[in-house]
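In: below is the structure, and that's it, no one-letter string:
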């Protein structure tokens, strides 16, 4: 999946547990795990806002777009033509 969730990095920087984070954001620890493991299909803006508020960060600190292998190959082919 091209969108990678970097919650674990922000939690480590703040020495915050998943349980504390989940409680402060208002979601379950299981849903935090779904986000961290890349199994989430969507995130509500209200949840993203709460995560940013709790972690004092920007959405881009939590979400990163990473092209998958086929997109990288497509881009390389376009550059050669």
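Out: Looks like it came in fine. Computed from a predicted structure; not experimentally measured.
In: please count neighbours and contacts with C-alpha atoms only from this point.
Out: OK.
In: least trustworthy helix or strand in this structure by mean pLDDT?
Out: Lowest by mean pLDDT, DSSP states H and E among the helices and strands of the chain is helix 69-80, with a mean of 64.
In: which residue lies nearest the spatial centre of this structure?
Out: residue 5 (1.9 Å; CA atoms, centre = their mean).
In: hey, what's that one bridged with?
Out: Listed by DSSP bridges, the beta-bridge partners for residue 5 are residue 63.
In: contacts only, for it.
Out: 35-38, 62-64 (CA atoms under 8 Å, 6 or more residues apart in numbering).
In: mind giving me the ChimeraX command for buried ones among those?
Out: Burial among the contacts of residue 5 is assessed by 16 or more other CA atoms under 10 Å; the matching ChimeraX selection reads:
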select :35,36,62
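In: what is the neighbour count of residue 20?
Out: 12 (other CA atoms under 10 Å).
In: A strand includes it, no?
Out: No - counting by DSSP: H, G, I helix; E, B strand; the rest coil, residue 20 is not found in a strand; it is helix.
In: what pLDDT does it get?
Out: For residue 20, the pLDDT comes out at 98.
In: equivalent analysis for residue 2, please.
Out: pLDDT, residue 2: 87.
In: check residue 26 too.
Out: We have a pLDDT of 98 for residue 26.
In: run through the residues that contact it.
Out: Applying CA under 8 Å, 6+ apart to residue 26 gives no contacts.
In: quick check: phi and psi on it?
Out: phi 100, psi 30 (degrees, to the nearest 10).
In: please consider this matter closed, and thank you.
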